[in-house]
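Chemist: Build me a model from this:
(2 chains)
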Amino acid sequence: MTQLPDFNAMSDTDFRRLARDFVETNYPDIPRFSLSRLHWDEVKPWYLVLSQHGWICPTWPRDRGGMGLTAGKHLIMIEEFERFGAARVNDIGPVMLGPLLLKYGTQAQKAHFLPKILSGEHVWAQGYSEPGAGSDLAAVRCEAVLDGDEWVINGQKTWCTLGMDANWIFILVRTDKNVKKQAGISFLLVPMDRPGVTTRNILNLEREAEFCEVFFDDVRVPADHIVGEINQGWTAAKALLGHERVFIGSPRLSAAAITRLKRIAMRAGVWEDPVFRDRYVALQCDVADLSDLFETYVDKLRGGETIGADVAMLKIFQSELFQRISELMLEVAGEDAGLTAPPENDRQLHAAATYLSARPTTIFGGSTEIMRNMLAKAILDLPS
Amino acid sequence: MNQTMDEEWVENARMIVDSARAIVPADNSLERVRKVRFEGPGYDRTVMTQAGELGLFLMRVSEQAGGLGLGTRETCELARVLGGGLLPEPVLPAIAAGALLQENLPEAAMSGAQVITCAWQDEINSLGWDGGVTDGKLSGRKVAVQGAAGADLFAVVTGQGVAVLPREAVTVESADRLDGGLLSAVRFNAIEAKLFPCPGAQAVLEDASLAHAAYLLGLSERALEITLDYLRVRKQFDKPIGSFQALQHRATEMKTGLELSRAAIFATARRFDSGADALTRARGAARCKLRATELAMLISREAVQMHGAMGITDEADIGLFVRKAMAEANLFGAPRTLRALLARMLDVEDAA
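Modeler: Below is the predicted model of the structure:
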């Protein structure tokens, strides 16, 4: 493994230039500014380039093969990659499992799994939700029983984003039914090629297979594929690791959408219309206000402060704003709003595509309603 | 923007806010505010004297001109505290008058011995200010002049400069406002007065608009605190009503608006303090004012609803917040006016 320089020692300006050069020089011949997630067969060249240069896990420590970036530097990298329109890779390994193993994994697990995430040999999926356990995640029923030195798994997981691309999945399983539901959950690592694992793609509203269901039928994995202690999986799963959760409230989705809204309005001939403008400028102000609020969190990260539960306000406002922008797009599109094909074969002009892709943002990563419940208690100190 | 400058403004703001505690009670008591409403000019002139003694009217006067040379952020932080106390006195317009007049701010206005306010707005529902001079003399009318009924001096903003007119030179026309203050227009006809050149008038008015937004932020912040306290203690169905999800979710909406407004105002103030271009300034002022207006109206409205029948009594303090929001949220532009202004700026942006 090549030893990378200490990026944090660089000035922000120099690092920004480096990140910009990096993406411009190394980005492969794959789509940019894609409105939907690319699958592994499309995005793999970009993953591998990042991997070869040691840029695939920006927040991992340098001695583990990461870049060891501070939150401030990581943000610059994200900004530059987004400015270029680089596709998002299958990042559940780098973003979720890696930090989780670094915190809760055994030495053997770290030594075995981390390099395979870095190299792209293992592509991970997340198996948390079940048909009966969505917002109420602790209600998971997918079950694992220890049989000798193997776990035997039976049950189902769902809403696994890009799960069809993955060769490994981490799952929350019920290992004790006789205790408070949070206290009987464990965290297991499962190869998807084990006998008894089957997947079924789920078409989303855009009729694209972005997520899938995964079924476990007497699936056997070695006993050491558990992360953390038995029945301690809930703690690991709920630990909000790293500062990445700030980025879910980034104004980028809304800022990009409002730029598209302007193009759609111009094409529809309503850009000068005062009724349209009255609503457009209100949304434009919302995006600017969100950017200013987002910056206050970024400033905190730069100053080395930790981010509190209040960061959920960013996610709520950003996702609802993104939706409101998409709703005005649909109005502007008029009778064409319901067409499947993008105008001029340009997805950026397709109001329906933005409208549909904005729907999940208030659902995944904690629905708006769950976030509001949490904020009411944690931030507003309202009673249960 | 370096760290030292950031720390400096925080320290300055802390000192200003500490001194403002002489006119805004730290215990948030609204007893005095309640007492002065619907009486005389709707405020207490001696509080203006106190504010003058604290040096507040020198905040935006440069150090060369004998002032404190403080920035927009410090002013906004002060305004936020004044708003939390629903301060009825025209402290912010007097600060703006200082910013306009600099070394020409009359001594008596500086000390608060005489009350000065700012007369800039040409018409209701418009943010134009360049009228007021005909044939080299002060002639015309300025509307929505805060604190006019109790003022001794008027800093009149025109396209040809700023004049200081004494009370005797103007006619004040006032109508009762919901909050117990007055909405006043001042009229002046062919008055000879020195016009001090003021190339920065637009910027001063944008600063003043931002400070007013911060006043509304403070008002909203306190109204939310009072409401949350009520939600925690008021019991129905044997439970605190704050345990009900319908109310919890609406409270988080209020809190989110509050944090957006706070972030927008202080980020904009920082841009103002570090030299933003004209379009950025105009946009920033309008955007922050828009957010703060909508916030003050939302929070005060929701506060009444969440207080139930108590909310619609004059006796409950929360009503003071509603009346103040209604009386002042549209100063420096109602939402419709601000959105129209922002819509015109889209063409400026397109042309650039």
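Chemist: residue ranges of the helices in the stretch 101-250 of chain B, please?
Modeler: Under the criterion DSSP state H, counting those that start in this stretch, helices of the stretch 101-250 of chain B are mapped to B:107-111, B:201-233, B:245-273.
Chemist: can you give me the strands for the stretch 1-150 of chain A?
Modeler: Using DSSP state E, counting those that start in this stretch, the strands found in the stretch 1-150 of chain A span residues A:124-127, A:143-147, A:150-161.
Chemist: that older thread, want to throw the helices of the stretch 101-250 of chain B into a markdown table with mean neighbour count, distance to residue A:339 and mean pLDDT?
Modeler: Where you see a C-beta, it was placed from the backbone N, CA and C, and this is true even at glycine. Written out in a markdown table, the entries for these read as follows (neighbours: other C-beta atoms under 10 Å in any protein chain shown; distance: least, C-beta to C-beta, whole Å; pLDDT from 0 to 100):
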| stretch | mean neighbour count | distance to residue A:339 | mean pLDDT |
| --- | --- | --- | --- |
| helix B:107-111 | 16 | 65 | 95 |
| helix B:201-233 | 23 | 42 | 98 |
| helix B:245-273 | 21 | 34 | 97 |
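Chemist: what's the closest of those helices to chain A?
Modeler: Go through those one by one with C-beta to the nearest C-beta and the one that ends up closest to chain A is helix B:245-273, at 3.5 Å.
Chemist: max-length helix in chain A?
Modeler: helix A:274-302 (DSSP state H).
Chemist: Report the angle between that one and helix B:245-273.
Modeler: Counting by axes from the mean of the first three to the mean of the last three C-alpha atoms, to 10 degrees, helix A:274-302 lies at 80 degrees to helix B:245-273.
Chemist: Tell me which other helices or strands the next helix or strand after helix A:274-302 touches.
Modeler: Moving toward the C-terminus from helix A:274-302, the next helix or strand (DSSP states H and E) is helix A:312-333. Contacts of helix A:312-333 with other secondary structure elements, assessed using 3 or more C-beta pairs under 8 Å, 6 or more residues apart in numbering or on different chains; DSSP states H and E, are made with helix A:252-268, helix A:274-302, helix A:351-358, helix A:368-378, helix B:245-273.
Chemist: Mind splitting the chain into its structural domains?
Modeler: No chain in the question, so chain A it is. A:7-89, A:124-237, A:244-378 (automatic domain parsing).
Chemist: switch to chain B, that's the one I care about
Modeler: With domains defined by automatic domain parsing, chain B comprises B:3-191, B:201-351.
Chemist: on that earlier part again, need the helices of the stretch 101-250 of chain B in JSON lines with distance to residue A:126, can you?
Modeler: What follows is those, written out as JSON lines (distance: least, C-beta to C-beta, whole Å):
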{"stretch": "helix B:107-111", "distance to residue A:126": "65"}
{"stretch": "helix B:201-233", "distance to residue A:126": "36"}
{"stretch": "helix B:245-273", "distance to residue A:126": "27"}
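Chemist: And stretch A:198-211, what's buried?
Modeler: Counting neighbours by 16 or more other C-beta atoms under 10 Å in any protein chain shown, one finds that the buried residues in stretch A:198-211 are A:199, A:202, A:206, A:209-211.
Chemist: Among those, which has the minimum pLDDT value?
Modeler: The weakest per-residue confidence within these falls on residue A:206 (86).
Chemist: Please list all residues in contact with residue 324.
Modeler: As the question left the chain open, I've gone with chain A. Residues in contact with residue A:324 (C-beta atoms under 8 Å, 6 or more residues apart in numbering or on different chains) are A:283, A:286.
Chemist: I was thinking of chain B, sorry if that wasn't clear
Modeler: If you count contacts by C-beta under 8 Å, 6+ apart, then residue B:324 has B:86, B:179, B:219, B:300 around it.
Chemist: Please apply the same query to residue A:295.
Modeler: The neighbours of residue A:295, taking C-beta under 8 Å, 6+ apart as the test, are B:263, B:267.
Chemist: in the sheet, who's paired with residue B:142?
Modeler: On DSSP bridges, the residues paired with residue B:142 through beta bridges are residue B:186.
Chemist: That one - how many residues pack around it?
Modeler: The burial count assigned to residue B:142 is 26, neighbours taken as other C-beta atoms under 10 Å in any protein chain shown.
Chemist: Let me have the helices and strands packed on helix A:312-333 in a markdown table, adding distance to residue B:108 as columns.
Modeler: Compiled in a markdown table, these are given as follows (distance: least, C-beta to C-beta, whole Å):
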| stretch | distance to residue B:108 |
| --- | --- |
| helix A:252-268 | 50 |
| helix A:274-302 | 39 |
| helix A:351-358 | 59 |
| helix A:368-378 | 50 |
| helix B:245-273 | 29 |
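Chemist: For residue B:25, which of the ones you listed is the nearest?
Modeler: helix B:245-273 (21.9 Å; C-beta to C-beta).
Chemist: Give me every residue in chain B lying close to chain A.
Modeler: With C-beta under 8 Å from any C-beta of the partner chain as the criterion, chain B meets chain A at residues B:228, B:231-232, B:239-240, B:242-243, B:245, B:247-249, B:251-253, B:255-256, B:259-261, B:263-264, B:267-268, B:283, B:287, B:290-291, B:336, B:339-340, B:342-343, B:346.
Chemist: just to revisit the earlier point, tell me how far the longest helix of chain A lies from the chain's centre.
Modeler: A distance of 22 Å separates the centroid of the chain from that of helix A:274-302, by C-alpha atoms, centre = their mean, to the nearest Å.
Chemist: now the angle from that helix to helix A:252-268?
Modeler: 160 degrees.
Chemist: Next, the angle helix A:312-333 makes with helix A:274-302.
Modeler: Angle of helix A:274-302 versus helix A:312-333, following the same axes, to 10 degrees, is 160 degrees.
Chemist: List the buried residues for helix A:274-302?
Modeler: By neighbour count, and taking 16+ other C-beta under 10 Å as the criterion, the buried residues in helix A:274-302 are A:276-277, A:279-294, A:297-298, A:300-301.
Chemist: Same list, these, but only the ones touching chain B.
Modeler: Here is what survives when the buried residues of helix A:274-302 are matched to chain B using C-beta under 8 Å from any C-beta: A:277, A:280-282, A:284-285, A:288-290, A:292-293.
Chemist: how about those residues, which pair is most distant?
Modeler: Spatial extent of those (C-beta to C-beta) is set by the pair A:277 and A:293 at 24.3 Å.
Chemist: Could you give the backbone dihedrals for residue A:86?
Modeler: As for residue A:86, its main-chain torsions (degrees, to the nearest 10) stand at phi -60, psi 140.
Chemist: what about it, neighbour count?
Modeler: When neighbours are counted by other C-beta under 10 Å, residue A:86 registers 23.
Chemist: and if you look at residue B:18?
Modeler: Here the number of neighbours of residue B:18 (other C-beta under 10 Å) works out to 12.
Chemist: Please tell me how far it sits from residue B:11.
Modeler: Here the criterion is C-beta to C-beta, to the nearest Å. By it, residue B:18 lies 11 Å from residue B:11.
Chemist: which phi and psi does residue A:168 have?
Modeler: The phi and psi torsions at residue A:168 (degrees, to the nearest 10) take the values phi -140, psi 150.
Chemist: what pairs with it across the strands?
Modeler: Per DSSP bridges, residues listed as beta-bridge partners of residue A:168: residue A:124, residue A:191.
Chemist: quick one: it and residue A:127 touch, right?
Modeler: No: using C-beta atoms under 8 Å, residue A:168 is not in contact with residue A:127, being 10.1 Å away.
Chemist: anything in contact with each of these two?
Modeler: Common contacts of residue A:168 and residue A:127, defined by C-beta under 8 Å, 6+ apart, comprise residue A:190.
Chemist: Tell me which of those two has more neighbours.
Modeler: When residue A:168 and residue A:127 are compared on other C-beta under 10 Å, the one with more neighbours turns out to be residue A:127, at 27 against 21.
Chemist: Can you name the residues that contact that one?
Modeler: For residue A:127, the contacting residues are A:142, A:157, A:160, A:163, A:169-172, A:190, A:214, taking C-beta under 8 Å, 6+ apart as the criterion.
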